[in-house]
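>>> from the sequence below, what's the structure:
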Amino acid sequence: MTIDRAWLAVVSAEHTHLAVAGGFIQLNHGKRPGVARLHRGDGFVIYSPTDHYGSKTPLRAFTALGTVADEAPYQA
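Sure thing, here's the model as predicted:
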């Protein structure tokens, strides 16, 4: 499979781990406009500047890599 588009998301590691465990991607605090730009087959990488949302302690790591599996975003 060829990936034509790829996205970079900035999400805390804690939120990334919850999303990976649940099989979803969590972006933009649940706001639809940015997420609606993703399409099935798009690649994404998640960078986590911190371990926990709001933390001042830096992590600075890539914490997930994946491909969008669904055609349209949905709010859960």
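
>>> so what's N28 up against?
For N28, the contact set (Cβ atoms under 8 Å, 6 or more residues apart in numbering) comprises G34, V35. In this view, the C-beta of every residue, glycine as well, is placed from N, C-alpha and C.

>>> does the closest residue to V20 other than its chain neighbours have beta-bridge partners, and which?
Distances taken as Cβ to Cβ, 6 or more residues apart in numbering place A64 nearest to V20, at 5.6 Å, with adjacent residues excluded. Taking DSSP bridges as the rule, A64 bridges to I46.

>>> ok, now which ones touch A64?
Contacts for A64 (Cβ under 8 Å, 6+ apart) come out as T16, A19, V20, F44, V45, I46.

>>> flag the shaky bits of the protein, pLDDT-wise.
1, 75-76 (pLDDT under 70).

>>> spatially speaking, which residue is in the middle of it?
I25 (4.5 Å; Cα atoms, centre = their mean).

>>> got the residue ranges for the helices in this structure?
Taking DSSP state H as the test, the helices found in the chain are 13-22, 32-35.

>>> of all those, which one comes closest to A69?
Minimum separation from A69 across the helices of the chain (Cβ to Cβ) falls at helix 13-22, 12.9 Å.

>>> returning to what we had before: quick one: which of the contacts of A64 has the most company?
Counting neighbours by other Cβ atoms under 10 Å, I46 leads those with 24 neighbours.
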